[in-house]
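*Asks:* sequence first, predicted coordinates after that:
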Amino acid sequence: MKTVVICVLYLLSFNTIYAQQKDASVEKSVFGVQTGLLGIWANNESRLSNSIVLRTELGMDAGIFGNDIYNSSGYILGFVITAEPRWYYNLNRRQNKSKRIDGNSGNFISLKTSYHPDWFYFSSDDNVKLIADISIIPTYGIRRNIGKHFNYEAGFGIGYIEYLNDNDVIILNESDVAVNLHLRLGYRF
C-alpha cells in the first residue's frame with residue numbers, strides 16, 4: 001500500500017496542469033479627456049461585452065471656413081454630443097503578444113453618431129451661424145497608451161450627415177457625405 005501511494009504521488013508530481021488563459025477584455029469603465037487640432041472632448045467608455053464598449057462624449061468641435069464670395073475666413077467652435085459603440089477586435093492577439101490592452105488600448109471599428117446642436121458656439125466672424133446636424137460615420141481607428149495615464153488615438157471614416165434646417169437658412173443639400181479624420185492626445189483618469 002505504501003508503494004502504491006508513493007507511485008501515485010510520484011506520477012502526480014510530474015503532471016503539468018495547463019490553466020486556460022483568461023480572455024482579454026475591455027475595462028469596465030474608462031474616463032478621460034482628449035484634445036486634437038480641432039477641439040477638446042471629455043469621454044467615457046462603458047463595457048457592454050468583453051470586446052464592445054459604448055463611448056459617450058461631450059466636447060467642442062472646431063472648424064475652419066473660407067469664402068471667396070464674401071472674402072472672409074475664420075474658425076468656428078461648436079458643442080458636440082457623441083454616442084459611439086466600439087468593437088475592439090484584436091485584444092486577445094495583443095495580449096498573446098504581451099502588448100498592453102489596459103485603458104482599452106487596441107484597434108477598433110465603431111459607428112460614430114454625433115449631434116451638433118446650435119445651442120451655443122464661438123466664431124471669429126459674427127455673420128457665421130452654426131446649423132445643427134446629425135452624422136453617422138463608420139470609423140476604423142487605433143488607441144495606444146503612452147505611460148500609465150496618457151494615450152493617443154487616430155481614426156478615419158466616411159459616412160452620412162443630415163443638416164437640420166433652420167427657418168432663417170436656405171440649405172441647398174440637406175444631407176451630404178461626412179468624413180471623420182482624427183488624431184487626438186488624451187489623459188485617462
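*Replies:* The structure has been received and is ready for your questions.
*Asks:* can you give me the pLDDT of the most centrally placed residue in the chain?
*Replies:* In the chain, the C-alpha closest to the average C-alpha coordinate belongs to R55, at a distance of 6.4 Å (Cα atoms, centre = their mean). The score at R55 is 98. That number is its pLDDT.
*Asks:* how near is it to I161?
*Replies:* 19 Å (Cβ to Cβ, to the nearest Å). Where you see a C-beta, it was placed from the backbone N, CA and C, and this is true even at glycine.
*Asks:* again with N90
*Replies:* 29 Å.
*Asks:* picking that back up, from L164, how far off is the residue nearest to the centre of the chain?
*Replies:* Counting by Cβ to Cβ, the gap between R55 and L164 amounts to 23 Å.
*Asks:* residues contacting the residue lying closest to I142 once chain neighbours are set aside?
*Replies:* Once its chain neighbours are removed from consideration, I142 has its nearest residue in N107; the separation is 5.1 Å (Cβ to Cβ, 6 or more residues apart in numbering). For N107, the contact set (Cβ atoms under 8 Å, 6 or more residues apart in numbering) comprises Y88, Y89, N90, Y140, G141, I142.
*Asks:* could you count how many residues lie near the closest residue to L164 other than its chain neighbours?
*Replies:* Of all residues beyond its chain neighbours, the one nearest L164 is A132 (4.2 Å), with distances taken as Cβ to Cβ, 6+ apart. When neighbours are defined as other Cβ atoms under 10 Å, A132 has 15 of them.
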